[in-house]
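Engineer: Predicted model, plus sequence, below.
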Amino acid sequence: MDNFNKPQILYCQYCGKECKNLNSLKQHECRCKKNPNKIDLSYIKRNYTGHIKGYKWVTNDIEQKLVNNNDLINYLNKGWHLGMSIKFKETISKILKGKSSGKASTPEKELERKQKISNSMKGNKNWMFNKHHGNAKQGWYKGIHCDSTWELAFLVYYKEHQLYIERCKEKFKYNWNNENHIYIPDFITDEGIIEIKGRKTKQSLEKEKQFPNIKVIDQNLIKPYLEYVINKYGEEFWKQLYEKG
């Protein structure tokens, strides 16, 4: 019984060193000085941060491995990630096959997913046409303050085409969520009162319903004005047009 409970002693096949367990044995043997195929670290210098210059630690099927940066891409291409074996890759591929089509779980969610993709792809590829970017830079142009580059583009177009435009000062009262609010649109023109609106919200849509006579220039209607100033002054037109100081 004593021999049965006694742990098995493992020895390195190259130098005969005693190891406590199988993992310890494998870690030693791959680095054993008498192993002709050992991992050679003698020529690798570490800097003070502990990183190994010119090499990266990656994981193969058995252990962590040092791979030269020049060979890293070829090594990773052998599997999906960090040297994963092709056999294991094929096993996971079989498990996942047919599990996902890329579509949402319900027809309603799928329609919503497609609509989000469609909305994100609308407009010119130029970043200025993206409603999420580049339209919040403020400044003054010919004595009129602009809250965004879209407002600036609209203002410049009207000014350079000798069209009447000035800042709207008229206040409009409206109700939102059972509360009274004050609304001041952006410009007054010969066409009427204009509001430049890049991103629409539930509140802004409610304002449109309550004031149908106010024309809203959205991300689609702003395009000709942006094209005009970009073609004339460049993509960063506000840097030239906004008054200094």
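Structural biologist: Noted; the coordinates are in hand. Numbering: from 1, shown residues only.

Engineer: shouldn't Cys30 be in contact with Lys38?
Structural biologist: Yes. Applying CB atoms under 8 Å as the test, Cys30 and Lys38 come out as touching, 6.4 Å apart. In this view, the C-beta of every residue, glycine as well, is placed from N, C-alpha and C.

Engineer: Tell me the spacing between the residue nearest to Cys19 when sequence neighbours are not counted and Thr201.
Structural biologist: Of all residues not flanking Cys19 in the chain, Leu25 sits nearest, at 4.0 Å (CB to CB, 6 or more residues apart in numbering). From Leu25 across to Thr201, the span is 65 Å (CB to CB, to the nearest Å).

Engineer: how near is Lys171 to Asn70?
Structural biologist: Per CB to CB, Lys171 is found 68 Å from Asn70.

Engineer: and if you look at Phe154?
Structural biologist: Distance of Phe154 to Asn70, computed by CB to CB: 54 Å.

Engineer: which of these two has more neighbours?
Structural biologist: Phe154 (26 against 9; other CB atoms under 10 Å).

Engineer: Buried residues, the helix or strand harbouring that one. List them.
Structural biologist: Secondary structure assignment for Phe154, by DSSP states H and E: helix 149-160. Within helix 149-160, the residues that qualify as buried are 149-158, counting by 16 or more other CB atoms under 10 Å.

Engineer: can you check stretch 157-177 too?
Structural biologist: Across stretch 157-177, burial judged by 16+ other CB under 10 Å covers 157-158, 165, 168.
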